[in-house]
Every structure is written in structure tokens, then in C-alpha cells.
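> For reference, the sequence and a predicted model appear below.
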Amino acid sequence: MPSTRARLTRIFAQVLEIHDEQDAVSASMETLASWDSMAHIFLILSVEQQFRVSFTPEEATLITSFAEMEDLVARKVTQNEGATE
């Protein structure tokens, strides 16, 4: 299975129409005009589906960059793995 970063990069590239992997990894709301409110909703839903996690509304509003999404997904996946043990 691809790494978390690879999976997130693919989602960001698709939703935000990014063609360069490095651009996806450095993406933020401030640097991408394509990251508008609709794209944000699609990012959240795509990540929740791909990683089988759920974000609270508060968490969803705090995600403004790839790095923040990656950190939050890592925490959520770890929580889910701990809950299934």
C-alpha cells in the first residue's frame, strides 16, 4: 500500500488540479487559487473516504495546508489503529 504522503499527494493533485508532486506537498490555501471553499470540502471528503477517518467541523476548518492535513491524518490513523487493538 502506498504511504500516507503518497496517497495524500494523489488526492491533493486530483482535487486541486496540481501537476507537480512537490507543488502538492507544499500546497496551502494561501499559495493555491484552486484551493477554494468547494475544493476544501472535496479534499476533506476525499481524505476521510481514502483513510477511513472522520474530521470534526473544527478540525476541518483548521486544515489550511498539506502539512496540516498530513499531521492530522497521521494522528487519526494512529487513533483508529489503537481503537482496533
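The structure has been received and is ready for your questions.
> hey, let's count contacts and neighbours off CA atoms from now on
Will do.
> Locate the most centrally placed residue in the chain within the secondary structure: which element?
Closest residue to the average C-alpha location of the chain: Met69 at 4.3 Å, with C-alpha atoms, centre = their mean. Assigned by DSSP states H and E, Met69 belongs to helix 66-83.
> Tell me the buried residues in the strand or helix carrying His40?
Using DSSP H and E, His40 sits within helix 37-51. Using 16 or more other C-alpha atoms under 10 Å as the test for burial, helix 37-51 gives His40, Phe42, Leu43, Ile44, Ser46, Val47.
> Ala67 against Met29, yeah?
No: using C-alpha atoms under 8 Å, Ala67 is not in contact with Met29; the gap is 11.5 Å.
> so what pLDDT did the residue lying closest to His19 once chain neighbours are set aside get?
Using C-alpha to C-alpha, 6 or more residues apart in numbering and skipping the chain neighbours, the partner closest in space to His19 is Ala13 (6.3 Å). On the pLDDT scale, Ala13 is placed at 95.
> In terms of secondary structure, what does the strand or helix carrying Ala13 contact?
Using DSSP H and E, Ala13 sits in helix 4-16. With contacts defined as 3 or more C-alpha pairs under 8 Å, 6 or more residues apart in numbering; DSSP states H and E, the packing partners of helix 4-16 are helix 21-25, helix 37-51, helix 66-83.
> now stretch 40-50: how far from the chain's centre is it?
Distance of stretch 40-50 from its chain centroid, counting by C-alpha atoms, centre = their mean, to the nearest Å, is 7 Å.
> mind exporting that stretch as CSV, just the C-alpha atoms?
Only the C-alpha atoms of stretch 40-50 are listed here, as CSV (Å, rounded to 0.1, in the frame of the first residue of the first chain):
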residue,chain,number,x,y,z
HIS,A,40,-11.7,22.3,0.6
ILE,A,41,-14.9,20.3,1.1
PHE,A,42,-13.8,17.8,-1.6
LEU,A,43,-10.4,17.5,0.0
ILE,A,44,-11.9,16.7,3.4
LEU,A,45,-14.4,14.2,2.0
SER,A,46,-11.8,12.5,-0.2
VAL,A,47,-9.3,12.2,2.7
GLU,A,48,-12.0,10.9,5.0
GLN,A,49,-13.0,8.2,2.5
GLN,A,50,-9.5,7.2,1.5
